[in-house]
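[1] Model the structure of this input:
(one chain, ligands or ions: 1)
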Amino acid sequence: MKRSEINANIVSAKKFLAQQNFRLPPFALWTPQEWRKKGHEADEIRDCLLGWDVSDMGSGDFSKVGLVLFTIRNGHSTDRRYPKTYCEKILIQQVGQQTPMHFHWHKAEDIINRAGGDIAIELHNATKGEALAKTDVAVSVDGVRRVLKAGEAVVLKPGESICLTDHIYHRFTGRGSTVLLGEVSTVNDDKADNRFFDARGRFPEIVEDEPPVHLLCTEYPPAK
Ligand SMILES: [Fe+2]
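    Sure, this is the predicted structure:
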């Protein structure tokens, strides 16, 4: 992705979140210059990958496959300095834009439609060989058990949520208007706990065509 595209998406995400009256923590606004002055007091943000995360998942076309995320809180899968067992993110999905089919070996997550349009979530169980199973998929949708056919989509309207446990393949598509999603989960490890069915990578290759407005969660400089 070009840096200019990442910047534009962060700027429009901030505007959208303000319209939805959703406030981010202070580090969402730290500039690259401010990051260069931060010491070890900000290690939790660096080490748990908190903050901005804009990715086209290697698709080369963010409008079709991609997502803007902001990780608000998280633990760490191996570093005991960070004892949180939970994670919270927000996700912004555009109309017609998809988050590619994937599952998590370990993470269980609730995906919550907080505001905006609808989100369609297509589901498959994973086979032992990590292919798409043809078996029915049982999920909890706001406390109500539902059994879906393989590949069937659950459509969540604002206020609705689904619990996705490990080894359930899921693919999201935004519908109607931009969607503000919440994600509440067990500890998130984007470097080791995503099994994509057909995507090329979790984090984008970046072409630097202008300076960053904000650094992505994978880009923080070491402590001063
Ligand atoms: Fe997921």
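[2] alpha carbons only for contacts and neighbour counts from here, please
    Will do.
[3] How about G116: what's its closest non-neighbour residue?
    V179 (4.6 Å; C-alpha to C-alpha, 6 or more residues apart in numbering).
[4] what's the one you found in contact with, if anything?
    Contacts for V179 were tallied using C-alpha atoms under 8 Å, 6 or more residues apart in numbering; they are I92, Q93, Q94, V95, N113, R114, A115, G116, G117, D118, I119.
[5] Most neighbours of all these, which one?
    I119 (33 neighbours; other C-alpha atoms under 10 Å).
[6] Could you check which helix or strand contains that one?
    strand 109-125 (DSSP states H and E).
[7] residues in contact with the helix or strand just after that strand?
    Using DSSP H and E, the helix or strand that follows strand 109-125 in sequence is strand 137-141. Residues from elsewhere that reach strand 137-141 (C-alpha under 8 Å, 6+ apart): 123-125, 145-150, 160-164.
[8] ok so, going back, next one: the residue nearest to G116 from I90, what distance?
    According to C-alpha to C-alpha, to the nearest Å, V179 stands 10 Å off from I90.
[9] With S77 instead?
    Distance, S77 to I90, using C-alpha to C-alpha: 20 Å.
[10] Spell out the residue ranges of the strands in the chain.
    51-55, 67-73, 86-93, 98-103, 109-125, 137-141, 144-148, 153-156, 161-164, 168-186, 195-196 (DSSP state E).
[11] check contacts around the closest residue to E44 other than its chain neighbours.
    Nearest non-adjacent residue to E44, counting by C-alpha to C-alpha, 6+ apart: Y82, 7.3 Å away. Counting by C-alpha under 8 Å, 6+ apart, Y82 makes contact with E44, C48, G75, H76.
[12] Which ones among those lie within helices?
    Those of the contacts of Y82 mapping onto helices are E44, per DSSP state H.
[13] possible to save the contacts of Y82 as CSV with neighbour count, distance to R200 and pLDDT?
    Shown next, in CSV, are the contacts of Y82 (neighbours: other C-alpha atoms under 10 Å; distance: C-alpha to C-alpha, whole Å; pLDDT from 0 to 100):
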residue, neighbour count, distance to R200, pLDDT
E44, 16, 28, 98
C48, 23, 23, 98
G75, 24, 26, 98
H76, 20, 24, 97
